[in-house]
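[1] the amino acid sequence is not available; the structure is as follows:
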């Protein structure tokens, strides 16, 4: 989704009402090219003001029929999946509402800082987040993924819920150090009557997609674990395994075997048919060609336990990654417990505040002496107790 350039409704307008409860628009968060918007709203009654929520809004009359039904099916599946995703580390969806002209999905307002914001702050102040922070966040996310991966329907049949879009913007650290995984809007599942996708293309943020997703192969639970591995790698090293600048594309193309060339060609055709960005072409080639030596290179400065774990998570062959999110969580918690000092939510929140304060001080100092150095940077809040907007 791209950020909207102008609001579609004035702040303070009532979006819709359900019984005595109304939903008042506070501000627009983002909007897509086909009109689906995400907004921050506030629940209120005639006598009181309630909590903040995030709402997805689909205008049913402003998009063509096929697009409307496709988005409607996705949003309705997201609501249906929410009934099975009852975990403290997963942002919840509270229901849907339709008024004839619009379809609304009501979600948790996730208070806190996205890992994307924390990564930016870490790089700005020149201090990486600690290994303990990575182990703690990774374990909390793995717990949420295990919950999703192992859900069953009322008949006891596995639902095989895959997030498919684990990336730094989908993981939030709350003000008390709580970790939340947000937005299962692109999830894959085996819900009865779900609308299948027509193209085996990567979903969500393709820079954090597993190789099998980029190459058009079947995805599985270990695909989510690979994406989590990329997130932890970037937090730990400020580097990315799919670093396009480090690749010699002519050499990569020449090194491809005929079967891999055929697979890459098929993935490129699929990406073109799905109208994905040109960057995906290079990512597809990178996913097909990176090897153990490159994983070793980007993890070489880490401690041996963390290096070994990331090297397993980032295997190109899913069978060589940890078998389940539960196995990964157990390993992360064991390594966290083995550290010299206890580390949990309280310590994570304190570390984040120190990082944000240091980044804010450096931004203020450099901006004062060199205006324009941070023109597109996140506006780190002057009051770091106030958290950024999150969404479920």
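    That came through fine. Model, not experiment: these values are computed from the prediction.
[2] going forward, measure contacts and count neighbours with C-alpha atoms only.
    Will do.
[3] show me where pLDDT drops low in the protein?
    When residues are selected by pLDDT under 70, those of the chain lie in 1-8, 32-35, 63, 193-204, 244-247, 249, 274, 366-392.
[4] so for the longest helix along the chain, what gets flagged as buried?
    Criterion DSSP state H: the longest helix present in the chain is helix 345-369. Within helix 345-369, the residues scored as buried using 16 or more other CA atoms under 10 Å are 345, 348-349, 351-352, 355-364.
[5] next one: it to chain centre, how far?
    23 Å (CA atoms, centre = their mean, to the nearest Å).
[6] how is this structure partitioned into domains?
    Per automatic domain parsing, the domain ranges recorded for the chain read 14-108, 113-337.
[7] tabulate these (a markdown table), appending mean neighbour count.
    Below are the domains of the chain laid out as a markdown table (neighbours: other CA atoms under 10 Å):
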| stretch | mean neighbour count |
| --- | --- |
| domain 14-108 | 17 |
| domain 113-337 | 19 |
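[8] just confirm residue 28 is within a strand.
    Yes: assessed with DSSP: H, G, I helix; E, B strand; the rest coil, residue 28 lies in a strand.
[9] now do it against residue 173, distance only.
    22 Å (CA to CA, to the nearest Å).
[10] just after the host helix or strand of residue 77, pick out the following helix or strand.
    Here residue 77, judged by DSSP states H and E, is contained in helix 65-82. Downstream of helix 65-82, the next assigned helix or strand under DSSP H and E is strand 93-98.
[11] which residues sit against that next one?
    76, 79, 82, 103, 104, 105, 106, 107, 108, 392 (CA atoms under 8 Å, 6 or more residues apart in numbering).
[12] give me that answer again for 7 Å
    Contacting residues not belonging to strand 93-98 are listed as 79, 82, 103, 104, 105, 106, 107, 108 [CA atoms under 7 Å, 6 or more residues apart in numbering].
[13] so who does the third one touch?
    With contact set as CA under 7 Å, 6+ apart, residue 103 has these partners: 57, 58, 59, 60, 97.
[14] show me those that map onto strands.
    Among the contacts of residue 103, the residues falling in strands (DSSP state E) are 57, 58, 59, 97.
[15] now these in CSV, with distance to residue 333?
    As requested, the ones in strands among the contacts of residue 103 are exported to CSV (distance: CA to CA, whole Å):
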residue, distance to residue 333
57, 39
58, 41
59, 44
97, 40
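[16] could you identify the most distant pair in these?
    59 and 97 (12.2 Å; CA to CA).
[17] the helices in the stretch 151-300 of the chain, which residues?
    Here the stretch 151-300 of the chain has its helices, by DSSP state H, counting those that start in this stretch, at 211-214, 221-237, 249-255, 258-273, 279-289, 292-299.
[18] for these, which one sits closest to residue 132?
    Residue 132 lies closest to helix 221-237 among the helices of the stretch 151-300 of the chain, at 10.5 Å (CA to CA).
[19] which residues does that closest one contact?
    With contact meaning CA under 7 Å, 6+ apart, helix 221-237 is reached by 119, 128-129, 134, 149, 162-164, 166-168, 208-210, 239-240, 310, 313-314, 318, 321, 323-325.
[20] one more time with 6 Å
    For helix 221-237, contacts defined as CA atoms under 6 Å, 6 or more residues apart in numbering pick out 166, 208, 209, 210, 240, 313, 314.
[21] just want the angle from it to helix 292-299.
    Relative orientation of helix 221-237 versus helix 292-299 (axes from the mean of the first three to the mean of the last three CA atoms, to 10 degrees): 40 degrees.
[22] now residue 99: phi and psi?
    phi -120, psi 10 (degrees, to the nearest 10).
[23] follow-up on the earlier one: wait, which of the contacts of helix 221-237 is closest to residue 41?
    Ranked by distance to residue 41 (CA to CA), the contacts of helix 221-237 are led by residue 166 at 25.0 Å.
[24] got the contact list for that closest one?
    Contacts for residue 166 (CA under 6 Å, 6+ apart) come out as residue 227.
[25] follow-up on the earlier one: helices or strands up against the longest helix of the chain?
    Under the contact criterion of 3 or more CA pairs under 6 Å, 6 or more residues apart in numbering; DSSP states H and E, helix 345-369 touches helix 115-125.
[26] mind checking how far the helix it packs on is from the chain centre?
    Its chain's C-alpha centre and that of helix 115-125 lie 16 Å apart, by CA atoms, centre = their mean.
[27] now do the contacts for the residue most central in space within the chain.
    By CA atoms, centre = their mean, the chain has its centre lying nearest to residue 170, at 2.8 Å. Contacts for residue 170 (CA under 6 Å, 6+ apart) come out as 181, 182.
[28] apply 7 Å and report the result again.
    Taking CA under 7 Å, 6+ apart, one finds 114, 181, 182, 183 in contact with residue 170.
[29] the residues you listed: which two are farthest apart?
    Checking these with CA to CA, the most distant pair is 114 and 183, at 12.5 Å.
[30] list the contacts of the closest residue to residue 161 other than its chain neighbours.
    Closest residue to residue 161 apart from its sequence neighbours, by CA to CA, 6 or more residues apart in numbering: residue 189 at 4.4 Å. Residue 189 makes contact with 159, 160, 161, 162, according to CA under 7 Å, 6+ apart.
[31] quick one on the thing from earlier: redo the contacts of strand 93-98 as CSV? Include secondary structure and distance to residue 221.
    Listed next are the contacts of strand 93-98 as CSV, based on DSSP: H, G, I helix; E, B strand; the rest coil; distance: CA to CA, whole Å:
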residue, secondary structure, distance to residue 221
79, helix, 21
82, helix, 18
103, strand, 30
104, strand, 29
105, strand, 26
106, strand, 27
107, strand, 24
108, strand, 25
